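Engineer: here is a sequence together with a model predicted from it:
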Amino acid sequence: MRKSETKDVKTEMLIGLAHDRILYLGMQYIERGYITQDEYENLYEYLYKPYEKLGGNGSAKRVMTEVNKLPIRKSTYSQREEHDYEDEQQSV
């Protein structure tokens, strides 16, 4: 296998892995009915944008279109922090 063919195979593999992850996460968020800001940033900035630049499209684009319609909620991490803080305040 020539070096250029190896690069093409690696690119195809990256596109395939990103596609799988975008579909998997995107469908979870769609079924749940919302997405957190952190989840959206991870999905869009670190998976979808590079996937799109590498030439990926199709079903992942359709999933992202649906994800973009979801309401964005505060990070679950932030909500846990607030809840823990409230619990501490009540016990004082």
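Structural biologist: Nice, I can see it.

Engineer: quick one: contacts of stretch 28-42?
Structural biologist: Residues lying outside stretch 28-42 but in contact with it, judged by Cβ atoms under 8 Å, 6 or more residues apart in numbering, are 25, 43, 63, 66-67, 70-77. (Glycine included, C-beta is placed from N, CA and C.)

Engineer: now I72. Its backbone dihedrals?
Structural biologist: Torsion angles at I72 (phi, psi; degrees, to the nearest 10) stand at phi -100, psi 130.

Engineer: what about it, distance to E5?
Structural biologist: Here I72 is placed at a distance of 42 Å from E5 (Cβ to Cβ, to the nearest Å).

Engineer: who's more crowded, these two?
Structural biologist: Looking at I72 and E5 with other Cβ atoms under 10 Å, you find the greater number of neighbours at I72, namely 13 against 9.

Engineer: buried set for the host helix or strand of T11?
Structural biologist: Following DSSP states H and E, the helix or strand that holds T11 is helix 3-32. Applying a neighbour-count criterion of 16 or more other Cβ atoms under 10 Å, the buried positions in helix 3-32 are I15, A18, H19, R21, I22, L25, G26, Y29.

Engineer: contacting residues for the second one?
Structural biologist: This means A18. When contacts are counted by Cβ under 8 Å, 6+ apart, A18 is found next to L47, Y48, P50, Y51, L54, G56, A60.

Engineer: OK, contacts around I15?
Structural biologist: Contacts of I15 were listed using Cβ under 8 Å, 6+ apart, and they are Y51, L54, G55, G56.

Engineer: go again using 6 Å as the cut-off
Structural biologist: L54, G56 (Cβ atoms under 6 Å, 6 or more residues apart in numbering).

Engineer: how about L43?
Structural biologist: Going by Cβ under 6 Å, 6+ apart, L43 touches L25.
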